[in-house]
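J.: Predicted structure and sequence below. I'll ask about it afterward.
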Amino acid sequence: MSDLLSVTGLSITARVGHDDISLLDDVDLEIRKGRIVGVVGESGSGKTTLARSVIGLLERNVRVTAGSISLSGEQVVAPGVDGTARVRGSEVGMVFQDASRSLNPLMKVRHHLAEVLRRHVPDISRADVERRSVEVLEQMRISDATRVLDSYPHQLSGGLRQRVAIGLAVVTRPSLVIADECTTALDVTTQTKVVGLFRTLVDELGIGLLFVTHDLMLASDLCDSIAVMSGGRVVEQGDALQVLDHPEQEYTKRLLAAIPSWS
Ligand SMILES: Nc1ncnc2c1ncn2[C@@H]1O[C@H](COP(=O)(O)OP(=O)(O)OP(=O)(O)O)[C@@H](O)[C@H]1O
């Protein structure tokens, strides 16, 4: 099976004053359909830079200096090449850390979904917007879809808001979803439910999921494989159980040793 996402030798720098500082250095990563890849590492290790590079949401002082990113075999990112606008929101969905911030407080859920669908599905009918909106909320295991469609974000619980945000990321039926610390703001019970939902979605829809987290426990529950990042490099990667149960790198061992309940 060919890779859905293929990151090869990716190096990224940021211009700060007169200097170029390295954010990512020779990063390789692959995701196949139906698989969840966790990107873990301490704060500042480069996880968000990697996630954002796939959808072209890097800041203006940041540029790709080497390597490439391909989606389903087609190159979208390379030095001087940025084809991410073509795939962002359609081929690749994104779920951010704080659902409240990715939802407009003045817009009902119905309008959020309609806006995304109209942007990415040309000529979609009103009836289809309604049908797909209800369908995606049901996929998010939201039982009272009509009430939620007619709600403003602040009328929903944090967990429900995050499920709506995930719904917005998948309503266009992307092949890849990127979730960046998207459970960090949730309490542990809600986190567990969202993680369970991701697993079901990946299995049901056959999408690939890039799951960025600093939480190794969470990654071990959810991910099929794991890439451990430190200082802008992937220092270790492979099957999740293998990496977490038999880490080869000192850095991974230290990360694991920092978790009190890890044994
Ligand atoms: N536009 C930028 N200009 C300068 N430095 C940047 C820029 N973006 C990121 N960095 C730096 O690059 C490093 C990696 O940042 P990044 O946000 O990718 O890490 P992270 O692993 O996602 O961290 P966190 O878990 O805290 O979000 C950090 O040291 C950060 O300060």
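T.: Perfect, thanks for sending it.

J.: Give me every residue in the protein lying close to the ligand.
T.: Residues of the chain that fall close to the ligand, judged by Cβ under 6 Å from any ligand atom: 14, 16, 23, 41, 43-49, 59, 61-62, 214. Quick note: C-beta positions are derived from backbone N, CA and C, even for glycine.

J.: Please list only the buried members of the residues you listed.
T.: 14, 23, 41, 45, 46, 47, 48, 49, 62, 214 (16 or more other Cβ atoms under 10 Å).

J.: send the alpha carbons of stretch 236-255 over as PDB?
T.: This file holds the C-alpha atoms of stretch 236-255, laid out as PDB (Å, rounded to 0.1, in the frame of the first residue of the first chain):
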ATOM      1  CA  GLU A 236      13.200   7.500  17.100                       C
ATOM      2  CA  GLN A 237      10.100   6.100  15.300                       C
ATOM      3  CA  GLY A 238       8.300   2.900  14.700                       C
ATOM      4  CA  ASP A 239       5.500   0.700  16.000                       C
ATOM      5  CA  ALA A 240       3.900   2.400  19.000                       C
ATOM      6  CA  LEU A 241       4.300  -0.500  21.400                       C
ATOM      7  CA  GLN A 242       7.900  -1.100  20.300                       C
ATOM      8  CA  VAL A 243       8.900   2.500  20.700                       C
ATOM      9  CA  LEU A 244       7.200   2.800  24.100                       C
ATOM     10  CA  ASP A 245       8.000  -0.600  25.600                       C
ATOM     11  CA  HIS A 246      11.500  -0.900  24.200                       C
ATOM     12  CA  PRO A 247      12.800   2.600  23.500                       C
ATOM     13  CA  GLU A 248      16.300   2.700  22.000                       C
ATOM     14  CA  GLN A 249      17.100   6.300  22.400                       C
ATOM     15  CA  GLU A 250      18.100   7.900  25.700                       C
ATOM     16  CA  TYR A 251      15.800  10.800  25.000                       C
ATOM     17  CA  THR A 252      12.700   8.500  24.600                       C
ATOM     18  CA  LYS A 253      13.700   6.700  27.800                       C
ATOM     19  CA  ARG A 254      13.900  10.000  29.700                       C
ATOM     20  CA  LEU A 255      10.500  11.100  28.400                       C
END
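
J.: residue boundaries of the helices in this structure?
T.: 47-55, 84-87, 99-102, 109-120, 126-139, 145-149, 158-170, 188-205, 216-222, 240-245, 250-257 (DSSP state H).

J.: Pick out the shakiest of those, pLDDT-wise.
T.: Among these, helix 99-102 has the lowest mean pLDDT, at a mean of 75.

J.: From the chain's centroid, how far away is stretch 215-222?
T.: 15 Å (Cα atoms, centre = their mean, to the nearest Å).

J.: buried stuff in that stretch?
T.: So stretch 215-222, judged by 16+ other Cβ under 10 Å, has buried residues 215, 216, 218, 219, 220, 222.

J.: Please verify my assumption that residue 51 contacts residue 39.
T.: Yes - in terms of Cβ atoms under 8 Å, residue 51 counts as a neighbour of residue 39; the distance is 7.0 Å.
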